[in-house]
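# 3D model of this:
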Amino acid sequence: MSNRSFSLTLLVILMLMGVSGATLAQDATPTPTPDPLPDCPAFAGEDESVRRSYYMGEGEAYSATGQLFDAIFSYTCIIRVIDDQYIPAFMARASVHTRLRDFESAIADYTTVIGLDDTLAAAYNNRGVLYAAIEEGEDAAADFGRVMTLEPDNYATANNRAILHMINDEFEEALAVLQGVVTASGIEEVLTAYRNAPAGTTPDPIEFDRAAARAYGLIGIVHSQMSLALYEDYVFLGEFRSQYSPDQRIVGAAGALESRFAFEMRLDDGSWMSMQPYSASGN
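Below is the predicted model:
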């Protein structure tokens, strides 16, 4: 059979099958073009450790001076060109992405880290904070729970979990977590020691976990939230004026507290939660 005859026969077969050349072209999946590698010439040909050290230092310098996109480029040099499993570069880049409020990119970096080391508490905690900021509460809770399994005395993450409960109006659950921090950390004894110091004397400094102390403040916020909920119930009942007129002092107190939560104590943007620092020598 000639080439021409073969081509005609193939065309007839395709027409009978209801398949056109346009459909075949439409169904074909184009091959994605990979992003070009960044140009990272510093110490080319040297040992990986030398190059990693250089670009980590460069990224840290850029980050410290607010040149955040340059910092991201430096860390990306490590990740794309030198060592695609170097956890410190991913952690550092995620931190810069977070400063730029590019939460999705930061979450992606933390997820990569967790794939490389599923015991790294800082990656779980920080990803949990970002999940909370983008209103992915279940994912945030799962990450905080993982940290508390890995590090039961990680009081900063416990506080984060309590804040997540507050966001969801789960006040009793939040109080339970925070009271657990107070009890387990021994911060009550520290507070008692300071309060019982003789008048006019300066007690010796006592070392304590700042996150444990912060739990006291968060307990106060929980009670404020509970008070606001009660105020709102009272104001709601006061809308039925045929029965009684609400006390305007209470209405004013409710408005003042609601205003504080709206402008000073907004909990649902992630800013009240604690990110966990990381260094190559430990987290």
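
# where does the stretch 101-250 of the chain have low pLDDT?
Within the stretch 101-250 of the chain, the stretches with pLDDT under 70 are 239-244.

# Show me what the biggest helix by length in the chain packs onto, helices and strands only.
Ranked by residue count under DSSP state H, the longest helix found in the chain is helix 210-238. Helices and strands touching helix 210-238, by 3 or more C-beta pairs under 8 Å, 6 or more residues apart in numbering; DSSP states H and E, are helix 155-167, helix 171-185, helix 187-195, helix 248-263. The way it works is simple: take the backbone N, C-alpha and C, and place the C-beta from them, glycine included.

# what do you get if the cut-off is 7 Å, keeping everything else the same?
Judged by 3 or more C-beta pairs under 7 Å, 6 or more residues apart in numbering; DSSP states H and E, the packing partners of helix 210-238 are helix 155-167, helix 171-185, helix 248-263.

# ok, how many other residues are close to residue 147?
Using other C-beta atoms under 10 Å, residue 147 is surrounded by 25 other residues.

# That one: which element?
Take DSSP states H and E as the rule and residue 147 turns out to sit in helix 137-150.

# Kindly report the same for residue 109.
Short version: residue 109 belongs to helix 103-116, going by DSSP H and E.

# Show the secondary-structure elements that that helix is packed against.
helix 87-99, helix 121-133.

# Please identify the deepest-packed of those.
Per-stretch averages of neighbours, counted by mean count of other C-beta atoms under 10 Å, single out helix 121-133 among the helices and strands packed on helix 103-116, with a mean of 26.

# That helix packs against which elements?
So helix 121-133, by 3+ C-beta pairs under 7 Å, 6+ apart, packs with helix 87-99, helix 103-116, helix 137-150, helix 155-167.

# Report the angle between it and helix 155-167.
Helix 121-133 runs at 20 degrees relative to helix 155-167, counting by axes from the mean of the first three to the mean of the last three C-alpha atoms, to 10 degrees.

# check contacts around residue 63.
By C-beta atoms under 7 Å, 6 or more residues apart in numbering, the residues touching residue 63 are 71, 96.

# One more pass at 10 Å, please.
70-72, 74-75, 92-93, 95-96, 99 (C-beta atoms under 10 Å, 6 or more residues apart in numbering).

# Enumerate every residue touching residue 148.
Applying C-beta under 10 Å, 6+ apart, the residues contacting residue 148 are 121, 124-125, 154-155, 157-158, 160-161, 177, 180.

# can you check residue 167 too?
132, 135, 137, 140, 174, 225, 266-270, 272-273.

# Which of the residues you listed are buried? Put it as a ChimeraX command.
A single ChimeraX command is used to select the members of the contacts of residue 167 judged buried by 16 or more other C-beta atoms under 10 Å:
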select :132,137,140,174,225,267,270,272,273
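
# Please export the C-alpha coordinates of the helix holding residue 109 as CSV.
The C-alpha coordinates for helix 103-116 follow below in CSV (Å, rounded to 0.1, in the frame of the first residue of the first chain):
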residue,chain,number,x,y,z
PHE,A,103,1.4,31.7,53.2
GLU,A,104,0.8,29.1,50.5
SER,A,105,4.5,29.0,49.5
ALA,A,106,5.6,28.9,53.2
ILE,A,107,3.2,26.0,53.8
ALA,A,108,4.7,24.2,50.8
ASP,A,109,8.2,24.6,52.2
TYR,A,110,7.2,23.3,55.6
THR,A,111,5.4,20.4,54.0
THR,A,112,8.6,19.5,52.2
VAL,A,113,10.6,19.6,55.4
ILE,A,114,8.1,17.3,57.1
GLY,A,115,8.5,14.9,54.2
LEU,A,116,12.2,15.0,54.9
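
# Name the residues that touch it?
Residues contacting helix 103-116 (C-beta under 10 Å, 6+ apart): 72, 75, 79, 84-100, 102, 120, 122-131, 133-134, 136, 139, 143, 146, 270, 278.

# Check the offset of that helix from the chain's centre.
Centre-to-centre, helix 103-116 and its host chain are 10 Å apart (C-alpha atoms, centre = their mean, to the nearest Å).

# Would you confirm that residue 44 contacts residue 77?
No. The pair residue 44 / residue 77 is not scored as a contact, 11.1 Å apart, by C-beta atoms under 10 Å.

# So for those two, which sits in the more crowded spot?
Using other C-beta under 10 Å, the more surrounded residue of residue 44 and residue 77 is residue 77, with 24 against 8.

# In contact with that one, which residues are there?
Residue 77 makes contact with 37-42, 51-52, 54-56, 58-59, 89, according to C-beta under 10 Å, 6+ apart.
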